[in-house]
Every structure is written in C-alpha cells, then in structure tokens.
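Engineer: Here you go, sequence then predicted model.
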Amino acid sequence: MIVLDSYLHSLVVLWTLQGLEVRPSVSPLKDDSGEVCSSNGEMAQLFAEAFSTVFSAHNPENPCDHQQFDGRLRELAVGPPEIAKVLTNLNSYSSMGPDNVYPCLLKHCSDSLAYPLSRLFEMSLQSCSHPSAWKNSLVVPIFKKELRSSPLNYRPVSLTSVICKCLEKIVVASLQSFLEENDLLSADHFGFRAGRSVEDQLILSYNDITYWLDRGQMVDIILFDYSKTFNLVNHDIMIAKLSHLGISGSILHWIREFLNCRLMTVVVEGSESAPVGLQMRNQIPAIT
C-alpha cells in the first residue's frame, strides 16, 4: 500500500509539473482606460475589481411561480460518523484554503478530528453563523479564451476553507436527499445529480430526435449557452426558491448567512490584491 501511495503521488506530481509547464500564465492586462498593467500586484488588483463587478442585478417580483411544497427540511444533525467519512474521502493533494489547513492533515487525522468538528459544525448550524475564515477565499485567475489582456476572459477559481467545505458537503447531501425523496426535481434535470450524466441526457435527446424523424416530422433544436452562469446566480431568487421547495428554519438561514459578506483576495504569482468585499446579495463566488 505504501508503494502504491508513493507511485500515485509521483503521478500526481508529474501531471502537475506538466500542467504548469504548458499552462499559459497571466498576460499583461488592460484596464478600462486601455492602460497596460504588467506587475503581478497591479494585475491581481485589476482582477479583483473585475471579478467583483460580475453579478446579476435583476430581481423579479415573483421568482417562484410553481406550487409550493408542503414538506419541510428545517434542521440538520451532524454526527462524527458522517464527518469522519467526509474527511476520509478528502484528496490529500488538493490545495489548502486561506486558513492554511492542509487536506492531508484532516484526512489522516479523521478519527481524532471527527468529534471536535461535529461540535463546531453543530454550533455553526444552530447559530446560523460562520467563522470569518470560512468566508474568505483566495482567487486564482485561469485563462479561458479570447483576448488575454481582458481580466473578464479569466475564470475566477476560489480556494476556500477545507473545513468549511466538509460541512458544505454534508449540507448539500442533506438537501439533495430531501429533494430526491420528495420528487422535487424534474425528470429532465441531469446536472449535479447522482446516477445521472451528460451521456444520459444525450441518449434521451437522441431518442426523441430519431422518434420524430422516423415519423417524417421536422425537429428543431434550440441551444443556450449562458455566460458566467455560476457567477450570475441571484441570491434572493435562490433563497426564495429554496424556501418554496420546503427548505426552511436554521438550514435556510445558515445558507443565507453563508452567502453574505464574503471576502476574496486574488493571487497572481504570489502577489495578492487587497481583500474585496462581496457585499452584493446576488453574487456567489466560484468555489472548488
């Protein structure tokens, strides 16, 4: 087992180094006035300002137009066994967050840390509050496409507290279980659901297309590509829809508080921007 772990670690290091070698670095950026910024500190600050402006300001009067579900998910119990399982499944080689807690430490000490973390998580859920370190994120810009001089052509990838992400996984699992058990998700919803994939969606679409073509009918296909989808999720709409689906009580308040008053710091080649407050109610940082 030790030999296997060493071999797998060597593969991870090899692919990481190869990725660093071929991955393009951040190029000099242009600000709104067209002035070129080339120092790492200036570029980090420019990225921070650009990323903080990406949000949706549209607030419809009635975001939930479907029938409200009568069931309720109000509270969530977090026990040491569930936490130990999450800790054990952590990737030892993933990055740590701004709190400087290494995933490998949590993974290898899962049995010892499960109980104290359960007390911490219970306090967070019951009080609907979060330690300030859980709301901070280090953002690394990753180039996507088009002009490299535009900061908006980079994807903001956030490194957040690994401890908080463990609690997030438990909360998400509880929400998914509640939605699945009460049949609250559309049968045509394939994304981010266990046992479903893009292949399933393609097979279903292919079946529908061939069904009508075999009967001599025309088939029209409309494809939508939403730009910056996960950065444009409106907080007010999301909270309203969760409430409409029966998510209430301390869990709903915990989620609302999780999204409120977050801070991000952009890092470019070791240089950091000034912390930027994400005060807008409708901005969600990209979390990995």
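Structural biologist: Ah, there it is. Numbers count the residues shown, from 1 in each chain.
Engineer: what's downstream of the worst-scoring helix or strand of the chain on mean pLDDT, the next helix or strand?
Structural biologist: Least confident helix or strand of the chain, by mean pLDDT, DSSP states H and E, is helix 2-22 with a mean of 49. Helices and strands here follow DSSP states H and E; after helix 2-22, the next one along the chain is strand 29-30.
Engineer: what sits up against the following helix or strand past that next one?
Structural biologist: Going down the chain from strand 29-30, the next helix or strand is strand 36-37, by DSSP H and E. With contacts defined as CB atoms under 8 Å, 6 or more residues apart in numbering, strand 36-37 is touched by 28-31, 43, 46, 149. Bear in mind the C-beta positions are built from the backbone N, C-alpha and C, glycine included.
Engineer: How about Val140: which residues does it bridge to?
Structural biologist: Val157 (DSSP bridges).
Engineer: Next, the contact list for it, please.
Structural biologist: 156-159, 266-267.
Engineer: 7 Å - rerun?
Structural biologist: Taking CB atoms under 7 Å, 6 or more residues apart in numbering, we find Val140 in contact with 157, 159, 267.
Engineer: if I look at it, how far off is Thr265?
Structural biologist: Val140 sits 10 Å away from Thr265, taking CB to CB, to the nearest Å as the criterion.
Engineer: that older thread, can you go through the contacts of Val140 and name the buried ones?
Structural biologist: Applying 16 or more other CB atoms under 10 Å to the contacts of Val140, the neighbour count classes 157, 159, 267 as buried.
Engineer: How about Ala84, nearest residue that isn't a chain neighbour?
Structural biologist: Ala114 (4.0 Å; CB to CB, 6 or more residues apart in numbering).
Engineer: So the one you found versus Ala187, what's the distance?
Structural biologist: Taken as CB to CB, the span from Ala114 to Ala187 is 37 Å.
Engineer: Looking at these two, which is more packed in?
Structural biologist: Ranked by neighbour count (other CB atoms under 10 Å), Ala114 and Ala187 place Ala114 first, with 20 against 7.
Engineer: Validate this expectation: the more buried one resides in a strand.
Structural biologist: No - read with DSSP: H, G, I helix; E, B strand; the rest coil, Ala114 is helix and lies in no strand.
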